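A.B. asks: need coordinates for the below:
(chains A, B, C and D)
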2 protein chains.
Amino acid sequence: MIPVETCEPFFNYMRKFVEPDTDTMQLIADHTSEVTLPEKHLLLLEGNPCDKIYFIVSGLGRSYYTDFSGKTITWNFYFNTPESISKNLFATDYRAFLQNNPSSIAIETLTEVNALLFTKTQVNYLIEKSLIYERWMRKLNESAFMNMYDRAFTLLTMAAADRYQKLVKEESHLLQMFSNYYIASYLGIAPQSLSRIRSQH
Amino acid sequence: MIPVETCEPFFNYMRKFVEPDTDTMQLIADHTSEVTLPEKHLLLLEGNPCDKIYFIVSGLGRSYYTDFSGKTITWNFYFNTPESISKNLFATDYRAFLQNNPSSIAIETLTEVNALLFTKTQVNYLIEKSLIYERWMRKLNESAFMNMYDRAFTLLTMAAADRYQKLVKEESHLLQMFSNYYIASYLGIAPQSLSRIRSQH
DNA sequence: CAATTCCCTTCACATTTGCGAATAAATATA
DNA sequence: TATATTTATTCGCAAATGTGAAGGGAATTG
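C.D. replies: Next comes the predicted model:
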């Protein structure tokens, strides 16, 4: 339950797919909350249930999987810029959220983060009450699907150097925002290998 | 426009997510068609637009990407068994379908295939006319998302041998249905490497 | 300002995986 | 049945990638 104006960044994003009417906007404002998270805060722990979605308003976040040896593998980055699509706006383990499974990733803030928080109960209520919201969710799911399709297809069909070149072309803002250490595992390679690829043009 | 009874395999699958009412079932039967495709038929060519979805009723299919050297990399398998979830039932390049992009994969039949054919126009019409259908599509998109999430996460975080063990555990029916040559590239490895992994238990 | 931490790079070496060729078994075809 | 074709395996070597160690520079901290 927050003022409608506070949700404006969220409505702006919704408008990429559907135009929310006044009732829907009010309904959303009534069923979310505003949170400020400090730097280096853990939003979600590996293995824990995930019943929340954070819509990033400002700040940086990162999710990661911890492998058998204790190394972390970056799964995704979270931030809100004009370029960013759904891929980077919603900090959650959406698969765990949908299936009520233990989360396979942890999510941490890298800076102070301002976000809108939606619980699973709130999301389900919004889908139930607003056709516009349900339609938007369908399109959001399509968008999330396409991002994952691209990720899987890239990992399956492209070599490490080509995956890096693709990132330079399509997500070069990530290079300015996050360390190469994080970028490397996001691409599925070791930091030293990324360094090697970068030095060979 | 086909008899409602003919759509029964499709309704059966829908029931995993929603219960279609009589009107929706009639609407679907009125906006699809039944096709039989011969063995080794190409449903979709790489680079072509994808404006169709085939719901597999019987038979086997396979999609693949052709890399720079001419080798094919298996993207997915298509068939209809009691175990199969959405992952294997819909033969289409769903990303290209949604975005009106050139298709990144080709799809071929490996045996004679019986399928229900939905054009993009028909799908959009069904979404427009039936709330049940739109709700089902939202859940189908969720399911497609989760399958892609799993594919990307597996490719990013697991080594080749572990990916094979995961397939043995979770999709062992694929081993009975498709050649190791296809399975190997589906796992992102060379056929000889799969052979090596299998020989080491 | 000095000390520390973090990030990036490079090197040498180990491991994994890819690739071409050869072979044999299984299957399909004539 | 005889002959192709496909499929699976193995081998040796090449290429790609991972790993640990070392060092330098930038940024942060006291």
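A.B. asks: and whichever strand or helix holds A:Phe77, what does it pack against?
C.D. replies: A:Phe77 is part of strand A:72-78 when elements are defined by DSSP states H and E. Contacts defined by 3 or more CB pairs under 8 Å, 6 or more residues apart in numbering or on different chains; DSSP states H and E place strand A:72-78 against strand A:61-66, helix A:86-89, helix A:180-186, helix B:131-157. Heads up, the C-betas are built off the backbone N, CA and C, glycines and all.
A.B. asks: quick one: it near DNA strand C?
C.D. replies: No: judged by CB under 7 Å from any atom of the strand, strand A:72-78 makes no contact with DNA strand C; its nearest approach is 11.4 Å.
A.B. asks: tilt between that strand and helix B:131-157?
C.D. replies: Between strand A:72-78 and helix B:131-157, the angle comes out at 140 degrees (axes from the mean of the first three to the mean of the last three CA atoms, to 10 degrees).
A.B. asks: close to chain B: what parts of chain A are there?
C.D. replies: Remark: the part of chain A in contact with chain B comprises A:65, A:67, A:73, A:75, A:94-95, A:98-99, A:104, A:131, A:134-135, A:137-138, A:141-142, A:144-146, A:148-153, A:155-157, A:188, using CB under 8 Å from any CB of the partner chain.
A.B. asks: does A:Tyr181 touch A:Gln192 like I think?
C.D. replies: No: shown here, A:Tyr181 and A:Gln192 do not form a contact pair, counting by CB atoms under 8 Å, at 10.2 Å.
A.B. asks: for the helix or strand of chain A with the lowest mean pLDDT, packing partners?
C.D. replies: Sorted by mean pLDDT, DSSP states H and E, the helices and strands of chain A end with helix A:86-89, the least confident at a mean of 86. Helices and strands touching helix A:86-89, as assessed by 3+ CB pairs under 8 Å, 6+ apart, comprise strand A:52-58, strand A:72-78, helix A:131-157.
A.B. asks: buried stuff in the very next helix or strand once past the last one?
C.D. replies: Once helix A:131-157 ends, the next helix or strand along the chain (criterion: DSSP H and E) is helix A:160-170. Of all the residues in helix A:160-170, those buried under the rule 16 or more other CB atoms under 10 Å in any protein chain shown are A:160-161, A:163-164, A:167.
A.B. asks: could I get helix A:160-170 in CSV with only the CA atoms?
C.D. replies: C-alpha atoms of helix A:160-170 as CSV (Å, rounded to 0.1, in the frame of the first residue of the first chain):
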residue,chain,number,x,y,z
ALA,A,160,33.4,-18.7,-25.5
ALA,A,161,35.1,-15.9,-27.6
ASP,A,162,31.9,-15.5,-29.7
ARG,A,163,29.7,-15.3,-26.6
TYR,A,164,31.9,-12.5,-25.3
GLN,A,165,31.7,-10.7,-28.7
LYS,A,166,27.9,-11.0,-28.6
LEU,A,167,27.8,-9.5,-25.1
VAL,A,168,30.0,-6.6,-26.3
LYS,A,169,27.5,-6.0,-29.1
GLU,A,170,24.2,-6.5,-27.2
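A.B. asks: close to DNA strand C: what parts of chain A are there?
C.D. replies: Going by CB under 7 Å from any atom of the strand, the residues of chain A near DNA strand C are A:179-181, A:191-192, A:194-196, A:198-199.
A.B. asks: of A:Tyr181 and A:Gln192, who's got more company?
C.D. replies: A:Tyr181 (13 against 9; other CB atoms under 10 Å in any protein chain shown).
A.B. asks: residues contacting the nearest residue to the more buried one once chain neighbours are set aside?
C.D. replies: Nearest non-adjacent residue to A:Tyr181, counting by CB to CB, 6 or more residues apart in numbering or on different chains: A:Pro191, 5.0 Å away. A:Pro191 makes contacts with A:180-181, A:184-185, as judged by CB atoms under 8 Å, 6 or more residues apart in numbering or on different chains.
A.B. asks: whichever of these end up buried, select them in PyMOL.
C.D. replies: Of these, the buried ones go into a single PyMOL selection, burial set by 16+ other CB under 10 Å:
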select buried, chain A and resi 184+185
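A.B. asks: what is the nearest of the contacts of A:Pro191 to A:His31?
C.D. replies: Using CB to CB, A:Ser185 comes nearest to A:His31 of the contacts of A:Pro191, at 35.7 Å.
A.B. asks: show the pLDDT at that closest one.
C.D. replies: Looking at A:Ser185, its pLDDT stands at 96.
A.B. asks: also A:His201?
C.D. replies: 66.
A.B. asks: repeat that for A:Gly70.
C.D. replies: 89.
A.B. asks: go on, A:Ser84?
C.D. replies: So, for A:Ser84, pLDDT stands at 72.
A.B. asks: about what we covered before: would TSV of the buried residues of helix A:160-170 with distance to DNA strand D and pLDDT be doable?
C.D. replies: Below are the buried residues of helix A:160-170 laid out as TSV (distance: CB to the nearest atom of the strand, whole Å; pLDDT from 0 to 100):
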residue	distance to DNA strand D	pLDDT
A:Ala160	3	97
A:Ala161	6	96
A:Arg163	8	97
A:Tyr164	10	97
A:Leu167	14	97
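A.B. asks: just the closest of the residues you listed to B:Gly61, please.
C.D. replies: Proximity of those to B:Gly61 (CB to CB) peaks at A:Arg163, which lies at 28.0 Å.
A.B. asks: I figured that closest one hits A:Thr157, correct?
C.D. replies: No: between A:Arg163 and A:Thr157 there is no contact, the gap being 9.6 Å when judged by CB under 8 Å.
A.B. asks: so where's chain A uncertain?
C.D. replies: By pLDDT under 70, the low-scoring segments of chain A are A:201.
A.B. asks: list the residues that contact the spatially closest residue to A:Arg138 that is not a sequence neighbour.
C.D. replies: Closest residue to A:Arg138 apart from its sequence neighbours, by CB to CB, 6+ apart: B:Arg138 at 4.0 Å. Residues near B:Arg138 by CB under 8 Å, 6+ apart: A:134, A:137-138, A:141.
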